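Enquirer: coordinates only, sequence not included:
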């Protein structure tokens, strides 16, 4: 860029994208300075090398911005814990939280935890999980059927 270009002749492209032709490097630098821009070598392997008159700082900023735009979202796993006797309003609140997590492209693990003698009534826990799954079907998809692991019923939902 600018004085670092050591080749005596270069092909120049103007700030508006127009071809200005082959000229001496000093003449191209003068044109760039008059426009208060930089002379940047864009194709050094060509003969003569191709240089462009541009704002190099702005170019680097836009390149960096484009790089960050393509950065993928890191999926996190969020857990919603329920009990077999979770009330309807509490279930609605937990469903809304799960809906927000799925909208943010995070996975949601729905788990029903049994304590003490509640383990004897596994069907109550299954009903709670089924209600959650039904209410979240529009924003997420079920990864696998609910499974029992010890004193828990667990299932995972991914965003659509």
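Expert: That came through fine. Quick caveat, the model's predicted, so the values are computed rather than measured. Numbers count the residues shown, from 1 in each chain.
Enquirer: Make sure residue 21 is indeed in a strand.
Expert: Yes: with DSSP: H, G, I helix; E, B strand; the rest coil as the criterion, residue 21 is located in a strand.
Enquirer: Let me see the contact set for it.
Expert: Listed by CB atoms under 8 Å, 6 or more residues apart in numbering, the contact partners of residue 21 are 11, 12. (C-beta placed from N, C-alpha, C; glycine too.)
Enquirer: what's the pLDDT at it?
Expert: Residue 21 is assigned 87 on the pLDDT scale.
Enquirer: What of residue 5?
Expert: Note on residue 5: pLDDT of 82.
Enquirer: Next: residue 40.
Expert: pLDDT for residue 40: 87.
Enquirer: And it, how far from residue 53?
Expert: Distance of residue 40 to residue 53, given as CB to CB, to the nearest Å: 8 Å.
Enquirer: Those two: who's more crowded?
Expert: The residue with more neighbours, out of residue 40 and residue 53 and counting by other CB atoms under 10 Å, is residue 53; that gives 23 against 19.
Enquirer: Next, the buried residues of stretch 15-35.
Expert: Of the residues in stretch 15-35, those buried by neighbour count under the rule 16 or more other CB atoms under 10 Å are 20, 23, 25, 28, 29, 31, 32.
Enquirer: All good on my end, thank you.
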